[in-house]
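> Based on what follows, work out the 3D shape:
(chains A, B, C and D)
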Number of protein chains: 4
Amino acid sequence: MMILQSEVDITVRFSETDAMGVVWHGNYLKFFEDAREKFGLDYGMEYLDVYAKGFFTPIVKSEINHKTTVNYGENVKVQATLERHDAAKIVFRYTVWNTTTNKIAATGMTMQVFMNAETRELELAKPEFYEAWENNQNWINE
Amino acid sequence: MMILQSEVDITVRFSETDAMGVVWHGNYLKFFEDAREKFGLDYGMEYLDVYAKGFFTPIVKSEINHKTTVNYGENVKVQATLERHDAAKIVFRYTVWNTTTNKIAATGMTMQVFMNAETRELELAKPEFYEAWENNQNWINE
Amino acid sequence: MMILQSEVDITVRFSETDAMGVVWHGNYLKFFEDAREKFGLDYGMEYLDVYAKGFFTPIVKSEINHKTTVNYGENVKVQATLERHDAAKIVFRYTVWNTTTNKIAATGMTMQVFMNAETRELELAKPEFYEAWENNQNWINE
Amino acid sequence: MMILQSEVDITVRFSETDAMGVVWHGNYLKFFEDAREKFGLDYGMEYLDVYAKGFFTPIVKSEINHKTTVNYGENVKVQATLERHDAAKIVFRYTVWNTTTNKIAATGMTMQVFMNAETRELELAKPEFYEAWENNQNWINE
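Residues are numbered from 1 along each chain as shown, chains lettered A, B, ... in the order given. Okay, the predicted model is just below:
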């Protein structure tokens, strides 16, 4: 599997905790989003670049596996791993570390597709600009 | 002051609580939003009606005064009071009751203005459709 | 598979939409939470009942599969299906309908475990009160 | 008025935008929270320090005044200004800049009080540890 990787440090907000005293499970999807943003910044493929080319890339599937909790006052680091696929989809895997405890807090994945921003129809093939970008990256053989 | 009033019951979400075990203070603005939605439904002036006429009504000012807390498992009722003003602004006052304790949890206000949805410019006068709606309501003299 | 089912209607908040004009994908986990709450109410097994017995039931796994979007002004209905398992885990499946378009917006699942609220340690066997509750339900053979 | 100031840069999340394409107004209270956190870090008075001394400092009042919008892809800087008061309250003023447009997006304020973490009762006088901290700061005469 050919991959690209990026990491982001996130300061956990008090408002992201719940009455159990830990980060509410659904907020990990915000952490995944932060990691995709940072990835886009690192590799020159931001949401607004994609939009400027006439596409949205909505999430069609997401998964989170929680391993340990993150308490208020603890922070996280998220590693995003983009997998290279032939199909017209964008698949990221994530690892969320609790950087205070040095434990893995969660792992997860998201799958995105390409949608024509105007017609809101699914694109069955990768857009040209995206393939060009893919061909330009230094993929790692995992 | 001429007013119109509406009420909505809200089931508090676990994800809306914080590590202090109570509803996070910022979430009251979501309760205010729920109350405006219910008001719009009750009086025939929903966001999408406003948008269909070519306007947004962004919030330009909001205030919350917290009196008591709302714990997880407790629910709230919000009363929204629309004030009639000559100026081109929409002013709501809110009272949030904790319906479990029968105490007032918070009071607040929001002010909205009219913005042309296309140009995103501020409207200095009330849109005609809105004035027509105002003239059609049974305002209460508070 | 033996199951129990419950349904809840949810009014989508404006604040739950994103700049694509649709409900942000992560907010479906809040809809799942609403559905679990309603299930708990319908079947007499609420979070606070579980907590009163000395347990938390944290989410350890969640999945969402998005089929169609939910726009602002559209509402949703969520059906939660509890699966009966021998192991000490709580598995719900969800179907989210866009009630305006009558299309399925998403499906998903969550898995919860039992954790001792005091020690925060995982329970390897179902707590007695939970087994008693299970034995008392009218499960449907799916 | 004697004051202390701190600044924080915030990357706006896609999930923080709404269907109008801009940051949802209520999310500014999260930006204020980020600014208080950064202030606490800068001046050695974090939430967990306060909690370790036996106190919560719940928000009892908040205000936001919106000046211009923040679109997705734009980021913000928040300046928090702590005012020194004789009374047992913590008053912050905030200025949120859209760092992309160099315009002020919003101003605001929050007021917090001291609450005994155990009894959840209001403290009428400033806790000793907090007065000691105040006396130790290099306040600016505004």
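
> only C-alpha atoms for contact and neighbour calcs from this point on.
Noted.

> Need the single longest helix in chain A, by residues.
Longest helix in chain A by number of residues (criterion: DSSP state H): helix A:28-43.

> Grab the most central residue of chain A for me.
residue A:36 (3.6 Å; CA atoms, centre = their mean).

> Identify the residue spatially nearest to it, adjacent ones excluded.
residue A:80 (6.8 Å; CA to CA, 6 or more residues apart in numbering or on different chains).

> got a list of what that neighbour touches?
When contacts are counted by CA atoms under 8 Å, 6 or more residues apart in numbering or on different chains, residue A:80 is found next to A:5, A:6, A:7, A:32, A:35, A:36, A:39, A:92, A:93, A:94, A:95.

> Put the alpha carbons of the one helix or strand it maps to into CSV.
Counting by DSSP states H and E, the element that carries residue A:80 is strand A:76-83. Extracted in CSV, the C-alpha atoms of strand A:76-83 (Å, rounded to 0.1, in the frame of the first residue of the first chain):
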residue,chain,number,x,y,z
VAL,A,76,-3.8,14.8,21.5
LYS,A,77,-1.7,14.3,18.4
VAL,A,78,-3.3,12.8,15.3
GLN,A,79,-1.5,11.1,12.5
ALA,A,80,-3.4,10.9,9.2
THR,A,81,-2.4,8.4,6.6
LEU,A,82,-3.7,8.7,3.1
GLU,A,83,-3.9,5.4,1.2
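
> still on that earlier bit, quickly list what the residue nearest to residue A:36 is bridged to.
residue A:6, residue A:94 (DSSP bridges).

> residues in chain A within reach of chain D, list them.
Chain A has residues A:13, A:14, A:15, A:30, A:33, A:34, A:48, A:73 near chain D, with proximity defined as CA under 8 Å from any CA of the partner chain.

> can you put those residues in TSV and add distance to residue B:68 and neighbour count?
Formatted as TSV, the residues of chain A next to chain D follow (distance: CA to CA, whole Å; neighbours: other CA atoms under 10 Å in any protein chain shown):
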residue	distance to residue B:68	neighbour count
A:13	22	18
A:14	19	22
A:15	18	23
A:30	30	17
A:33	34	19
A:34	34	23
A:48	43	14
A:73	25	15
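
> quick one: low-confidence ranges for chain A?
Counting by pLDDT under 70, chain A contains no low-confidence range.

> picking that back up, and chain C, which of the residues of chain A next to chain D reach it?
residue A:30.

> Is it correct that residue A:109 is in contact with residue A:83?
No: using CA atoms under 8 Å, residue A:109 is not in contact with residue A:83, being 10.5 Å away.

> any shared contact partners between those two?
A:91, A:92, A:93.

> Now do the helices in chain A.
Taking DSSP H, the helices of chain A run over residues A:28-43, A:47-52, A:128-135.

> For the spatially most distant residue from the centre of chain A, grab phi and psi.
Distance from the C-alpha centroid of chain A peaks at residue A:19, with 26.7 Å (CA atoms, centre = their mean). Main-chain torsions, residue A:19, degrees, to the nearest 10: phi -70, psi -10.

> Pull up the gap between it and residue C:37, please.
Separation of residue A:19 from residue C:37 (CA to CA, to the nearest Å): 15 Å.

> Likewise for residue A:85?
Counting by CA to CA, the gap from residue A:85 to residue C:37 is 39 Å.

> Next, the buried residues of stretch A:25-41.
Residues of stretch A:25-41 classed as buried by neighbour count (16 or more other CA atoms under 10 Å in any protein chain shown): A:25-40.

> Could you list the residues in contact with it?
Contacts with stretch A:25-41, where a contact means CA under 8 Å, 6+ apart, come from A:5-8, A:10, A:16, A:45-47, A:64, A:66, A:78-80, A:94, C:26-27, C:29-30, C:59, D:13-15.

> could you dump that stretch to PDB, C-alpha only?
Provided in PDB are the C-alpha atoms of stretch A:25-41 (Å, rounded to 0.1, in the frame of the first residue of the first chain):
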ATOM      1  CA  HIS A  25     -16.600  10.300  21.600                       C
ATOM      2  CA  GLY A  26     -18.100  12.200  18.600                       C
ATOM      3  CA  ASN A  27     -15.500  14.900  18.900                       C
ATOM      4  CA  TYR A  28     -12.900  12.500  17.500                       C
ATOM      5  CA  LEU A  29     -14.400  13.200  14.100                       C
ATOM      6  CA  LYS A  30     -13.400  16.900  14.600                       C
ATOM      7  CA  PHE A  31      -9.900  15.700  15.400                       C
ATOM      8  CA  PHE A  32      -9.900  13.600  12.200                       C
ATOM      9  CA  GLU A  33     -11.000  16.800  10.300                       C
ATOM     10  CA  ASP A  34      -8.200  18.800  11.900                       C
ATOM     11  CA  ALA A  35      -5.800  16.100  10.700                       C
ATOM     12  CA  ARG A  36      -7.100  16.200   7.100                       C
ATOM     13  CA  GLU A  37      -6.800  20.000   7.100                       C
ATOM     14  CA  LYS A  38      -3.200  19.700   8.200                       C
ATOM     15  CA  PHE A  39      -2.500  17.000   5.600                       C
ATOM     16  CA  GLY A  40      -4.000  19.300   3.000                       C
ATOM     17  CA  LEU A  41      -1.700  22.100   4.100                       C
END
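
> So residue A:140 is in contact with residue A:83, correct?
No: look at residue A:140 against residue A:83 with CA under 8 Å: they stay out of range, at 9.8 Å.

> who's more crowded, the two?
residue A:83 (18 against 12; other CA atoms under 10 Å in any protein chain shown).

> Next up, the contacts around the nearest residue in space to residue A:78 that is not next to it in sequence.
With sequence-adjacent residues excluded and distances taken as CA to CA, 6+ apart, residue A:78 is closest to residue A:96, at 4.4 Å. Taking CA under 8 Å, 6+ apart, we find residue A:96 in contact with A:76, A:77, A:78, A:79, A:104, A:105, A:106, A:107.
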